[in-house]
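Undergrad: Okay, here's the prediction I keep looking at, along with the sequence it came from:
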Amino acid sequence: MLRCLKRSLHYPMRTTVPHSLENTGTRHTIHGVPEGQDARILAQKARVLAAQDRILIHVALDDTRIAILTELLAFFAPEAAVAAFPAWDCLPYDRISPGPETSAQRVSTLSLLLRWQKERERRPRILLTGVNAALQ
């Protein structure tokens, strides 16, 4: 599921987004972006990918950052569809089952991805997930 990223970009307090993000043929690792600007950059990249009917996947540090990004994306890209895919709230081989809320949100997000695949409308779509969810 995870593929090697071809390019790494560093943003030291920059206010404009480089034109290299508009190139949809490459994958990007974006780091060093001031908090708040990352949502603006994700919104711009999602708009570029929407023309090709592609989904932007962003791996955030944790669930707190996903919640903040969801709110910021509602401001920077109100037309975008945003989905969050949370990590399990228990360890593998743990005696405790995952919580019903987490299981329900994961299944809901997966079914939303299937609906996005069938949609005819081309609009920005962003899937937010955390490092733990990407590794599980």
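TA: Good, I have the coordinates.
Undergrad: ranges for the helices of this protein?
TA: Assignment of helices within the chain using DSSP state H yields the ranges 37-50, 63-76, 100-118, 131-135.
Undergrad: CSV for these, including mean pLDDT, distance to residue 31 and mean neighbour count?
TA: In this view, the C-beta of every residue, glycine as well, is placed from N, C-alpha and C. CSV is the format used below for the helices of the chain (pLDDT from 0 to 100; distance: least, CB to CB, whole Å; neighbours: other CB atoms under 10 Å):
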stretch, mean pLDDT, distance to residue 31, mean neighbour count
helix 37-50, 92, 9, 20
helix 63-76, 93, 13, 16
helix 100-118, 88, 25, 12
helix 131-135, 86, 13, 15
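Undergrad: of all these, which lies closest to residue 91?
TA: When those are compared for distance to residue 91 using CB to CB, the nearest one is helix 131-135, at 10.3 Å.
Undergrad: packing partners for the closest one?
TA: With contacts defined as 3 or more CB pairs under 8 Å, 6 or more residues apart in numbering; DSSP states H and E, the secondary structure elements packing on helix 131-135 are strand 56-60.
Undergrad: how many degrees apart are the strand it packs on and helix 37-50 in direction?
TA: Calculated by axes from the mean of the first three to the mean of the last three CA atoms, to 10 degrees, strand 56-60 forms an angle of 160 degrees with helix 37-50.
Undergrad: Just the angle for strand 56-60 relative to helix 63-76, thanks.
TA: Here strand 56-60 points in a direction 140 degrees away from that of helix 63-76 (the same axes, to 10 degrees).
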